[in-house]
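*Asks:* Quick one, fold the following:
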Amino acid sequence: MKGKTIVFDLGGVLIDWNPRYLYRELIPSEKDMDYFLDNICTSEWNELQDAGRSLEEATSILIAHFPEYSDLIAAYYGSWQKMLRGSFPATLESLKKLIDKDYRLLALTNWSNETFPIALELFDFLHWFEGILVSGKEKMKKPDPAIFNLLVKRFHLNPSETLFIDDNPQNVLAASRLGIDTIHFSGNSQLIDQLRSRGIDLD
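*Replies:* Numbers count the residues shown, from 1 in each chain. Sure, this is the predicted structure:
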């Protein structure tokens, strides 16, 4: 695949993001924290912001439904940066090696357009990519085929010469159905093995 394009997901692959990092500080009981994140500030609710809904609207809607949790709901985006633990050093090292080998590198991420600028300030390596497609800006998100088609069109990609790396199996399946080669990421060692099987040796 020398000279081909490699597209990285960000959260779960390069960036360690988890709401529990914040809410462990705010909700002492693990059981109560799980209830809050499973039933109030759910991943499905957060994903609508990834698809372009404003943080203000999302917060207001949820507080109207659950006024007894208003402070905790407001903290989700009010203290959002505390959900970021940092980068995954091993995967970041693999990214550096791919840059050194002159692969074309892009990123495709489900991320709110309002919080992504914070990530751009915190993580210098995001500026290593030739381009990043952010779902919240485009108002569509993975695994919608439309966002993969947009990626292909915007960056003039040949799907058969493109490799997509993501930790979400639904996203991987959606990309593969469009003829894009995929790696379902489960860790850096597995990533290295999968790259090597495609003739991409990072040594």
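*Asks:* how about the helices of this structure, start to end?
*Replies:* Residue ranges of the helices in the chain, as given by DSSP state H, are 19-26, 30-39, 43-50, 55-65, 70-78, 89-100, 116-122, 135-138, 145-154, 169-177, 188-197.
*Asks:* buried sites along the third one?
*Replies:* Using 16 or more other Cβ atoms under 10 Å as the test for burial, helix 43-50 gives 45-46, 48-50. To be clear about C-beta, it is placed using only N, CA and C from the backbone, and glycine gets the same treatment.
*Asks:* Look up how far residue 32 lies from the residue sitting furthest away from the middle of the chain.
*Replies:* Going by Cα atoms, centre = their mean, the residue of the chain most distant from its centre is residue 68, 30.5 Å out. For residue 68, the distance to residue 32 (Cβ to Cβ, to the nearest Å) stands at 13 Å.
*Asks:* picking up where we left off before, in a markdown table: the helices of the chain, plus distance to residue 203 and mean pLDDT.
*Replies:* What follows is the helices of the chain, written out as a markdown table (distance: least, Cβ to Cβ, whole Å; pLDDT from 0 to 100):
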| stretch | distance to residue 203 | mean pLDDT |
| --- | --- | --- |
| helix 19-26 | 34 | 97 |
| helix 30-39 | 41 | 98 |
| helix 43-50 | 36 | 98 |
| helix 55-65 | 43 | 98 |
| helix 70-78 | 42 | 98 |
| helix 89-100 | 8 | 95 |
| helix 116-122 | 30 | 96 |
| helix 135-138 | 34 | 98 |
| helix 145-154 | 29 | 98 |
| helix 169-177 | 26 | 98 |
| helix 188-197 | 9 | 96 |
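*Asks:* Would you mind finding the most buried of these?
*Replies:* The highest mean neighbour count among these, using mean count of other Cβ atoms under 10 Å, belongs to helix 135-138: a mean of 20.
*Asks:* could you measure the residue nearest the centre of the chain against residue 19, distance?
*Replies:* With distances taken as Cα atoms, centre = their mean, the chain has residue 11 as the residue nearest its mean C-alpha position (3.4 Å). Applying Cβ to Cβ, the value for residue 11 to residue 19 is 11 Å.
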